[in-house]
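**Q** I need the structure of the sequence given here:
(one chain, ligands or ions: 1)
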Amino acid sequence: MSKSISVHGLIKDAGGASRIVNKRRESYASASSVPDPKDHIRELADALHPAKMTFKVTDIREASPTSRTFRFESGDGHIPVFQCGQYVNIRLKIGQSVLSRPYSISSAPYEARGENPFFEITVRRNVPYLVPDYLFENVHVGDVLEGSLPFGNFYWEPMRDSKEIVALAGGSGITPFMSMAKEVAHGKMQGCKLTILYGSVKANDIVLKDELDAISAECPDVKVVHVLSDEPDWEGEKGFISKDIIAKYSGEDTTYMFCGPRAMFQFVEKALKELNVPGRRFRHDVVNNPGDISKMPGYPAGTEEKTFKITVVRGIHEDVIDAAARETVAVAIERAGIAIDTHCHNGECGMCRSHLLSGDVYVPESNDGRRMMDKEMGWIHPCSSWPLSDLKIKIPIM
Ligand code: FES
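**A** Down below sits the predicted model:
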């Protein structure tokens, strides 16, 4: 009995498949030769999972002499669910450029629920960059901004991570741990104990110091240890977040989470190796792109001062833009006022995945988040690719 059913099923399947093939052939034969500028599948996906949200600025306050916290309420009715450690990508039109930059959410998930839901980002302006400068100078309470939904893989996961957490932070890398500290203090992280080792140069550089210290004073499950590298009169920990300091504040079974500058990541990673911390106990946020690409291993000497032409293909449109060798392909595209879908801006998420049709790029190993097959088939992440020649690149239509 079962055999006859399976044979009958196979014949039915074969008949169905051949009808579909014939139908497709007819569709191809009768289709227009003019390309359809619309991507219908993408339109449907966008309707089901919107790629962007709008948010209204409701408060701006100082988080340090060089940092500000921006509070937002949703412009779309609700704030999507997020986890401590995730980020939103703020998108801004500055002059002719369309720029976007990721910022970790510094408020807690529980604050995005309840009667007056909000979320916050904390932005540091210690070097001249277009996006922080613009946020500080031009964004005011009442303004409405646009950005991505919360995104990112850097969060505590109860099935995988220990409840004893040591956070290793540097500079504005404190923001995901601010979110986590608030969540732990409100009993929302299943009995976790959080110790934050926060490295800064001087006391004035500490971002969100008052809020961190207030939580640390009130909640026995959150401890904040400031480690200062250039403050001779500091009475707390001094120097860098070394192997000895990490060991001093670690428990028997600790999960380490890192967010901070690229140089600090390398230092901390080495210290954890020396402490024989297994890889499964070390979680880190996206490693920032290198500041000076010409110093990276394997970068061809003398290329960094050149300028190249990039032909950017979007559907049936083609634009030719200039690109400095020192900037990523994504930054060159944004600077030219062409919108490109980005989230992490450091090579990890794959959101900007594009097809390199011709030319060469340099991709640092530390920021190469491509799958092996993508590398072989000529796909790149423009946010972590630097031009080495004139390029032709096909980017997704937004
Ligand atoms: S924006 Fe994440 S890989 Fe390019």
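**Q** So which residues of the stretch 251-398 of the chain form strands?
**A** 254-259, 282-284, 307-314, 317-324, 354-358, 361-362, 379-380, 386-387, 391-394 (DSSP state E, counting those that start in this stretch).
**Q** can you redo those strands as a markdown table with mean pLDDT?
**A** A markdown table is the format used below for those (pLDDT from 0 to 100):
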| stretch | mean pLDDT |
| --- | --- |
| strand 254-259 | 98 |
| strand 282-284 | 96 |
| strand 307-314 | 97 |
| strand 317-324 | 96 |
| strand 354-358 | 97 |
| strand 361-362 | 98 |
| strand 379-380 | 98 |
| strand 386-387 | 98 |
| strand 391-394 | 98 |
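**Q** any idea which of those strands is most buried?
**A** Ranked by mean neighbour count, those are led by strand 386-387 with a mean of 27 (mean count of other C-beta atoms under 10 Å). For every residue, glycine as well, the C-beta is placed using N, CA and C.
**Q** which helices and strands sit right next to that one?
**A** Applying 3 or more C-beta pairs under 8 Å, 6 or more residues apart in numbering; DSSP states H and E, we find strand 386-387 packed against helix 329-335, strand 361-362.
**Q** Listing partners with orientation, what would you give for it?
**A** strand 361-362 (antiparallel) (DSSP bridges).
**Q** Quick one: residues contacting residue 154.
**A** Listed by C-beta atoms under 8 Å, 6 or more residues apart in numbering, the contact partners of residue 154 are 85-86, 176, 257, 259, 283-286.
**Q** same thing with residue 121?
**A** 69-70, 72, 88, 90, 103-106, 175.
**Q** Including distance to residue 275, could the strands of the stretch 251-398 of the chain go into a markdown table?
**A** Shown next, in a markdown table, are the strands of the stretch 251-398 of the chain (distance: least, C-beta to C-beta, whole Å):
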| stretch | distance to residue 275 |
| --- | --- |
| strand 254-259 | 9 |
| strand 282-284 | 10 |
| strand 307-314 | 44 |
| strand 317-324 | 41 |
| strand 354-358 | 40 |
| strand 361-362 | 33 |
| strand 379-380 | 36 |
| strand 386-387 | 34 |
| strand 391-394 | 43 |
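**Q** Residue 371 is nearest to which of these?
**A** strand 379-380 (8.3 Å; C-beta to C-beta).
**Q** Run through who's touching the closest one.
**A** So strand 379-380 is contacted by 329, 353-356, 361, 363, 370, 393 (C-beta under 8 Å, 6+ apart).
**Q** again, 6 Å this time
**A** The list of residues contacting strand 379-380 from outside it, by C-beta atoms under 6 Å, 6 or more residues apart in numbering, reads 353, 355-356, 361.
**Q** Tabulate the residues you listed in a markdown table, adding columns for distance to the ligand.
**A** Below are the contacts of strand 379-380 laid out as a markdown table (distance: C-beta to the nearest ligand atom, whole Å):
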| residue | distance to the ligand |
| --- | --- |
| 353 | 7 |
| 355 | 14 |
| 356 | 14 |
| 361 | 13 |
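**Q** Spell out which parts of the stretch 151-300 of the chain neighbour the ligand.
**A** Neighbours of the ligand within the stretch 151-300 of the chain, by C-beta under 6 Å from any ligand atom: none found.
**Q** Can you mark which positions in stretch 299-309 are buried?
**A** Neighbour-count burial for stretch 299-309 flags 299, 303-304, 308 (criterion: 16 or more other C-beta atoms under 10 Å).
**Q** List the contacts of residue 83.
**A** residue 155.
**Q** Could you number the chain from 44 rather than 1 from now on?
**A** Sounds good: first residue 44 from here, last item residue 126.
**Q** before we move on, the earlier item: report the two of the contacts of residue 197 separated the most.
**A** Most distant of those, by C-beta to C-beta, are 129 and 327, 14.4 Å apart.
**Q** Alright, that wraps it up for me.
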